[in-house]
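S.K.: Dropping the sequence and predicted coords here.
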Amino acid sequence: MADLSNEELKALLEKRIAELENSDTKEEKVINPESVQALIKTLALPNDFAPLAQKVFELAPRTSVVWLHLAECTGCSESLLRASTPDLAELVFDFISLEYHETIMASAGWQAEHNIDELLKSNKDFILAVEGGVAPIDTYFLTIGANGESGYEILQKVANKAKAIFAMGTCSSYGGIQAAAPNPSKICGIAEVLQQKIVQVPGCPPSDINIVANLCFYALFQTLPNLDEKDRPKWAYGKCLHDMCERKAKFEAGVFAQKFDDDLAKSGACLFKVGCKGPYTYNNCPKVKFNAKTSWPVQGGHGCMACSEANFWDEFGFYEEPMKNLTSYVDFSFANSDKKGSASLDKAQIQSTLDDKRVILSFDNETRLLYKGLDDEPCDFLKFEFESNVKLVLANIAKNKLGASLLETYKKEFAKNYAFIEANYDDTSRPSSDIFKFFEYAYVLARGAFLPDMKTFLDLAASYKFKHISPLDIKLSLNDTEAKLDVSKSFRMPLIYLSGGLEIEALAFSACELMFKNLNQALKHLSQKQNKAIAFNFPQSYDHAFFQSQLARLD
Ligand code: FSX
Ligand code: SF4
Ligand code: F3S
């Protein structure tokens, strides 16, 4: 579904106001304008929405909300209790009508069950917020309430009548702690068992603001907020939290806390080395914070655990270590993956010369994207060139203040490797467009030796036990005449990650995933533009199942 523009959202409010003013159910509530303004700001809507939203909340009957508890720890409700603008009392008296919530409602036992049954019978509109994962197979693992119904049955019964459904928290979005390996009760997120669109509001728990503002968005517009490809509201989960973190300049400068209570940690150093997973996490924690905007994990001195990412208990290793192979609970490496089966390419497509029907991605001392030009000569669609002299690259990084500090950290922690670089590179510029050289840069930094062959690097990448890519700042821009692959900003990243405790396996995996993803994208763009099939050309040394699996993703 296309995103709703601000104009469309505004028109929705104006229409609602006009309808409410002529309606019998119109109310005249007193609504705190500060809370409305705070909501509008949180939802990243323009200021002129505030008076309209104020009017809607004053006139409209409160939207009914049913909140179910399934398999969880009730942290999401704890978070809700700490809401501030509006606070919980204001929220339930003025903004929504909380019809059922096991930990907050006054009724209990048979009375509570009666209330929800009556609500379902009445055919009254309501929205559903679900906290916790569901056990759809051995449903008795979660048996709730006076009637001894399973969580799965209750969910189906209530969801069927709901106007909109919000999965509040990581448990209801993805299964959460109960679904961590080996997941004996086979718990999953609610979207896996319901047909309707589910708005995912992950976080273990989500912030009070992400819970309240999402409920209020629906109460206001009677529609869902704009969602990303994982069905998360864009206003809350659209950005990587690392990019909003107050410690980001320290990350760039390679200034890392070595342990939790050291002076560096206290003076605002980056927490990556003590396990922060901020670079892998999409959430607005630094902006909206928790407990009435008091603080958020990184401000409190503990790294982000990626608590709003799917399967974070299993996929991100120890909370207090970066993702090194030694610290993975579950092995996602290529060798243990079924991706291997799809690795083989059609050999007939591999050819070294062009014909009329194909464009070629070629790796042979140069990385090129070839097509047949007007005069039958091979043309290169790919603009990709970088400095491959490691010593010059480092000198270039050190030109600005953050980079100079980063290089100092690296030199201190990897003195032997730095000595290798000093001894083996002169001052001659060596422009290259060979991905082997790009990969070799990371290898030289991590190992203090030249990369022997492509297989060594691909083996390292394939052996990484995690599936999360450490971002490298590679940029691809595509237009009709060229694909420009810019890696100039990416060279500082291996220095940062190595100084921050990541290992060569992580760097090799990330470099391969990102490089091949971008090349694939460029290749696809060219083949579609020219309406031609694709072929590959690569030397024997690249003939590796991991490499082929990367290329095969194009199919
Ligand atoms: Fe899950 Fe809610 Fe984590 Fe707990 O109940 S998201 S375990 S903080 O809070 O569902
Ligand atoms: Fe902040 Fe963590 Fe990123 Fe460091 S790694 S800048 S502490 S989010
Ligand atoms: Fe969770 Fe990380 Fe935010 S641990 S609360 S997503 S900072």
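M.R.: Noted; the coordinates are in hand. Ligands and ions are numbered 1, 2, ... in the order given.

S.K.: got the buried residues for stretch 78-85?
M.R.: Applying a neighbour-count criterion of 16 or more other Cβ atoms under 10 Å, the buried positions in stretch 78-85 are 79-80, 82-85. Every C-beta, even on glycine, is put in place using the N, C-alpha and C of the backbone.

S.K.: Then stretch 237-247?
M.R.: If you call a residue buried by 16+ other Cβ under 10 Å, then stretch 237-247 has these buried ones: 237, 241-242, 245, 247.

S.K.: Can you tell me which of the buried residues of stretch 78-85 is closest to residue 51?
M.R.: When the buried residues of stretch 78-85 are compared for distance to residue 51 (Cβ to Cβ), residue 85 wins out at 17.1 Å.

S.K.: Provide a list of residues in contact with the closest one.
M.R.: Counting by Cβ atoms under 8 Å, 6 or more residues apart in numbering, residue 85 touches 34-35, 38-39, 292.

S.K.: what about burial for the residues you listed, which qualify?
M.R.: Neighbour counting with 16+ other Cβ under 10 Å marks 35, 38-39 as buried within these.

S.K.: Same list (those residues) but as a markdown table, adding secondary structure, pLDDT and distance to residue 316.
M.R.: Compiled in a markdown table, the buried ones among the contacts of residue 85 are given as follows (DSSP: H, G, I helix; E, B strand; the rest coil; pLDDT from 0 to 100; distance: Cβ to Cβ, whole Å):
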| residue | secondary structure | pLDDT | distance to residue 316 |
| --- | --- | --- | --- |
| 35 | helix | 97 | 35 |
| 38 | helix | 97 | 32 |
| 39 | helix | 97 | 32 |
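
S.K.: which one of the residues you listed sits closest to ligand 1?
M.R.: Proximity of these to ligand 1 (Cβ to the nearest ligand atom) peaks at residue 39, which lies at 22.4 Å.

S.K.: Correct me if wrong: the closest one contacts residue 210.
M.R.: No: counting by Cβ atoms under 8 Å, residue 39 does not reach residue 210; the two are 12.0 Å apart.

S.K.: need the residues of the stretch 251-400 of the chain near ligand 3, please.
M.R.: Where the stretch 251-400 of the chain comes near ligand 3, counting by Cβ under 6 Å from any ligand atom, the residues are 281, 283, 285, 296-298, 304-305, 307-308.

S.K.: Among those, which are located in strands?
M.R.: Among these, no member falls in strands (criterion: DSSP state E).

S.K.: quick one: contacts for the residue in the stretch 1-150 of the chain positioned nearest to ligand 3?
M.R.: Nearest to ligand 3, among the residues of the stretch 1-150 of the chain, is residue 79, at 9.6 Å (Cβ to the nearest ligand atom). By Cβ under 8 Å, 6+ apart, the contact list for residue 79 reads 203, 205-208, 211, 290.

S.K.: Closest one to residue 158 out of the residues you listed, please.
M.R.: Closest approach to residue 158 among the contacts of residue 79 (Cβ to Cβ): residue 211, at 18.1 Å.

S.K.: Tell me the pLDDT of that closest one.
M.R.: Among the per-residue scores, residue 211 holds a pLDDT of 98.

S.K.: Now it: closest residue in space, sequence neighbours ignored.
M.R.: Distances taken as Cβ to Cβ, 6 or more residues apart in numbering put residue 80 closest to residue 211, at 5.2 Å, once the chain neighbours are dropped.

S.K.: which residues does that neighbour contact?
M.R.: Neighbour list for residue 80: 88, 208, 211-212 [criterion: Cβ under 8 Å, 6+ apart].

S.K.: Now tabulate those in JSON lines and tack on distance to ligand 3, secondary structure and neighbour count.
M.R.: Written out in JSON lines, the entries for these read as follows (distance: Cβ to the nearest ligand atom, whole Å; DSSP: H, G, I helix; E, B strand; the rest coil; neighbours: other Cβ atoms under 10 Å):
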{"residue": "88", "distance to ligand 3": "20", "secondary structure": "helix", "neighbour count": "16"}
{"residue": "208", "distance to ligand 3": "11", "secondary structure": "helix", "neighbour count": "26"}
{"residue": "211", "distance to ligand 3": "13", "secondary structure": "helix", "neighbour count": "27"}
{"residue": "212", "distance to ligand 3": "16", "secondary structure": "helix", "neighbour count": "27"}
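
S.K.: and of the residues you listed, the nearest to residue 149?
M.R.: Relative to residue 149, and with distances defined as Cβ to Cβ, the nearest of the contacts of residue 80 is residue 211, at 25.2 Å.

S.K.: got a list of what the closest one touches?
M.R.: In this structure, residue 211 makes contact with 76, 79-80, 83, 129, 168, 201, judged by Cβ under 8 Å, 6+ apart.

S.K.: possible to save those as JSON lines with secondary structure and pLDDT?
M.R.: Below are the contacts of residue 211 laid out as JSON lines (DSSP: H, G, I helix; E, B strand; the rest coil; pLDDT from 0 to 100):
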{"residue": "76", "secondary structure": "helix", "pLDDT": "98"}
{"residue": "79", "secondary structure": "helix", "pLDDT": "96"}
{"residue": "80", "secondary structure": "helix", "pLDDT": "96"}
{"residue": "83", "secondary structure": "coil", "pLDDT": "95"}
{"residue": "129", "secondary structure": "strand", "pLDDT": "98"}
{"residue": "168", "secondary structure": "strand", "pLDDT": "98"}
{"residue": "201", "secondary structure": "strand", "pLDDT": "98"}
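
S.K.: for stretch 496-509, what is the average pLDDT?
M.R.: For stretch 496-509, mean pLDDT rounds to 98.

S.K.: Between the two ends of that stretch, how far is it?
M.R.: With Cα to Cα, to the nearest Å as the measure, stretch 496-509 spans 16 Å from end to end.

S.K.: Filter the contacts of residue 79 down to the ones in helices?
M.R.: Among the contacts of residue 79, DSSP state H puts 208, 211 in helices.

S.K.: May I ask which of the contacts of residue 79 has the most neighbours?
M.R.: Neighbour counts for the contacts of residue 79 (other Cβ atoms under 10 Å) peak at residue 206, which has 32 neighbours.

S.K.: Return the residues of this structure in contact with ligand 1.
M.R.: Taking Cβ under 6 Å from any ligand atom as the criterion, the chain approaches ligand 1 at residues 72-76, 131-132, 169-171, 176-177, 204-205.

S.K.: Narrow those to those in strands?
M.R.: Those of the residues of the chain next to ligand 1 mapping onto strands are residue 131, per DSSP E.

S.K.: What subset of the residues of the chain next to ligand 1 is buried?
M.R.: So, of the residues of the chain next to ligand 1, 72-76, 131-132, 169-171, 176-177, 204-205 end up buried under the neighbour-count rule (16+ other Cβ under 10 Å).

S.K.: Let me see the contact set for residue 433.
M.R.: Under the criterion of Cβ under 8 Å, 6+ apart, the neighbours of residue 433 are 366-368, 382, 384-386.

S.K.: from those, which is closest to ligand 3?
M.R.: Each of those was scored against ligand 3 by Cβ to the nearest ligand atom, and residue 386 proved nearest at 33.4 Å.

S.K.: Look up phi and psi at the spatially closest residue to the closest one that is not a sequence neighbour.
M.R.: Leaving aside its sequence neighbours, residue 386 sits nearest to residue 487 (Cβ to Cβ, 6+ apart; 5.1 Å). According to degrees, to the nearest 10, the main-chain angles of residue 487 amount to phi -110, psi 10.

S.K.: Distance of the closest residue to residue 221 other than its chain neighbours relative to residue 224?
M.R.: By the measure of Cβ to Cβ, 6+ apart, the closest residue to residue 221 outside its immediate chain neighbours is residue 12, 5.2 Å from it. Using Cβ to Cβ, to the nearest Å, one gets 12 Å for the distance from residue 12 to residue 224.
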